[in-house]
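**Student:** only geometry, no sequence info:
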């Protein structure tokens with residue numbers, strides 16, 4: 001039986017105090033009393049708000065679980081596995097699925113104990129309900145944001161835009177000019193019936209390269225051109241989940257030019 005402990009604090013300031021020492025002592029004492037062969041106590045100094053897959057301590061434990069080197073995990077409290085009950089229980093569920101015993105000293109949880117399994121199953125149900133509520137609130141928030149004409153999701157900004165020092169989405173002066181150039185040239189080339197879409201794209205790529213225009217420090221590629229030419233945000237429209245709304249962000253091309261270009265993309 002290989003046992004590993006996990007201690008976690010969410011900031012460097014907490015690391016300075018006795019939190020890590022306290023957690024480590026409790027784990028050492030517990031393993032000593034119950035004769036658990038403690039191999040190592042893994043220390044994690046980072047926010048439990050991170051995704052489970054992004055946390056160094058849990059990554060190390062998951063690697064040990066996958067190689068069958070760890071069959072028992074001891075923590076002082078279930079909240080050391082995550083910032084919330086939900087996060088902690090998600091990792092408990094992962095351990096259960098991999099036949100790894102988890103002991104949470106202060107919570108009185110030992111997944112090898114039938115009574116603890118009953119408790120954790122109840123907590124799993126509560127956590128799932130909490131997860132559904134969180135997802136619903138997030139979905140409602142995104143819908144409201146979209147109705148206000150703003151992006152309802154994160155991710156990269158469309159080329160031609162940037163965030164100012166207030167976090168507001170504004171035009172990037174140089175990149176927005178490149179977007180205008182791409183639309184203008186595509187519209188001009190579309191009037192030449194002998195040019196296929198591929199040839200139009202190649203001509204625009206050559207022009208951009210000759211003009212030393214970059215797509216986020218890289219040369220433009222075919223899919224960049226297509227993405228730009230089909231992005232309705234440039235003409236003042238946002239699309240999300242089959243819906244369309246008026247964008248609150250500044251436009252780069254006219255709606256008329258955008259619609260004309262769509263006929264040839």
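**Tutor:** On my side now, so go ahead. These figures come from a predicted structure and were not determined experimentally.
**Student:** give me the element residue 245 is part of.
**Tutor:** Residue 245 belongs to strand 243-246 when elements are defined using DSSP states H and E.
**Student:** who does that strand pair up with?
**Tutor:** Here strand 243-246 has these sheet partners by DSSP bridges: strand 237-240 (antiparallel).
**Student:** got the buried residues for the partner strand?
**Tutor:** Across strand 237-240, burial judged by 16 or more other CB atoms under 10 Å covers 237, 238. Heads up, the C-betas are built off the backbone N, CA and C, glycines and all.
**Student:** quick one: mean pLDDT for the helix or strand harbouring residue 177?
**Tutor:** Taking DSSP H and E as the criterion, the element that holds residue 177 is helix 173-190. Averaging pLDDT along helix 173-190 yields 96.
**Student:** tell me the helix or strand right after the strand holding residue 245.
**Tutor:** With DSSP H and E setting the assignment, the helix or strand that follows strand 243-246 is helix 255-262.
**Student:** helix 173-190 and that next one, what's the angle between them?
**Tutor:** 50 degrees (axes from the mean of the first three to the mean of the last three CA atoms, to 10 degrees).
**Student:** for helix 255-262, what is the distance to the chain centroid?
**Tutor:** 33 Å (CA atoms, centre = their mean, to the nearest Å).
**Student:** ok so, going back, contact partners of the strand holding residue 245?
**Tutor:** Contacts to strand 243-246, defined as CB atoms under 8 Å, 6 or more residues apart in numbering, come from residues 146, 147, 149, 232, 236, 237, 238.
**Student:** next step: the residues you listed restricted to strands.
**Tutor:** The strands, defined by DSSP state E, take in 237, 238 from these.
**Student:** for the stretch 101-250 of the chain, what spans make up the strands?
**Tutor:** Under the criterion DSSP state E, counting those that start in this stretch, the stretch 101-250 of the chain carries strands at the ranges 101-104, 109-110, 161-163, 169-171, 237-240, 243-246.
**Student:** buried residues in the strand holding residue 245?
**Tutor:** When burial is assessed from 16+ other CB under 10 Å, strand 243-246 yields the following buried residues: residue 245.
**Student:** can you check stretch 132-151 too?
**Tutor:** By 16+ other CB under 10 Å, the buried positions in stretch 132-151 come out as 142, 146, 151.
**Student:** turn those into a markdown table, including pLDDT and distance to residue 200.
**Tutor:** Listed next are the buried residues of stretch 132-151 as a markdown table, based on pLDDT from 0 to 100; distance: CB to CB, whole Å:
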| residue | pLDDT | distance to residue 200 |
| --- | --- | --- |
| 142 | 89 | 36 |
| 146 | 91 | 33 |
| 151 | 88 | 29 |
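**Student:** what distance separates the helix holding residue 177 from the centre of its chain?
**Tutor:** With CA atoms, centre = their mean as the basis, helix 173-190 stands 32 Å off its chain's centre.
**Student:** ok, stretch 183-200 next?
**Tutor:** Averaged C-alpha coordinates place stretch 183-200 at 38 Å from its chain's average position (CA atoms, centre = their mean).
**Student:** try stretch 147-155
**Tutor:** Using CA atoms, centre = their mean, we find the averaged C-alpha position of stretch 147-155 to lie 16 Å away from the chain's own average C-alpha position.
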